[in-house]
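*Asks:* Generate a structure from the sequence data that follows.
(one chain, ligands or ions: 1)
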Amino acid sequence: MLPQKLAAAINRQIHQELQSAYHYLAMAAHFQNEGLDGFARWMELQHGEEMQHAMRLFRYVHRRGGQVHLSGLEAPQIRQGKPMVVFQQALETEKANTAAIHELYAIANEVKDYATVSHLKWFLDEQVEEEDSIEQILAHFRIAGDDASALLLLNRQLGERQPEEETEEEEE
Ligand code: MG
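*Replies:* Next up, the predicted model:
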């Protein structure tokens, strides 16, 4: 059974992941409206990743005999401007996700729930990957500057992103 304090914290994290997914979905819509289908596809896949994160925690709470409580999501506010501005916002989203995972990890340690500590290690590693991949994209945006053909090439490259194989944990 999950300690009450930890169950509440995991529920907050599920909300955080779903809210992030919703942000990425809005970013995908934004890029579709701009005619940048490659950036839109990248954001759509990122939405899928955040949904997977939420579902990992959702299933984990149930495996531990806890209850999931869903709360309302906020309407995403997407910054207007150059495509790079939206990717900068994506990096801020990931940094907030990382901070939230760290906070959850601290609570799991505090209540000595070592199964949750172990479960969260995957998320710690995942956040390193998430931040690194967006930092790399931002570096490419900086190189491209205002060069339209470089930006269109980047749009095409990001559009080639493939969904990651889901390395799902044991179901039961
Ligand atoms: Mg996440």
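
*Asks:* tell me the phi and psi of residue 68?
*Replies:* Here is the backbone geometry of residue 68 (degrees, to the nearest 10): phi -90, psi 130.

*Asks:* wait, doesn't it sit right on residue 14?
*Replies:* Yes. The pair residue 68 and residue 14 passes the contact test of C-beta atoms under 8 Å, sitting 6.5 Å apart. From N, CA and C alone the C-beta is placed, and that goes for glycine too.

*Asks:* surely residue 69 meets residue 11?
*Replies:* Yes. Between residue 69 and residue 11 a contact is recorded at 5.4 Å, counting by C-beta under 8 Å.

*Asks:* one step back: give me the common contacts of residue 68 and residue 14.
*Replies:* Common neighbours of residue 68 and residue 14 (criterion: C-beta atoms under 8 Å, 6 or more residues apart in numbering): 58, 61.

*Asks:* If you count surrounding residues, which of the two has more?
*Replies:* Comparing residue 68 with residue 14 by other C-beta atoms under 10 Å, the one with more neighbours is residue 14, at 21 against 15.
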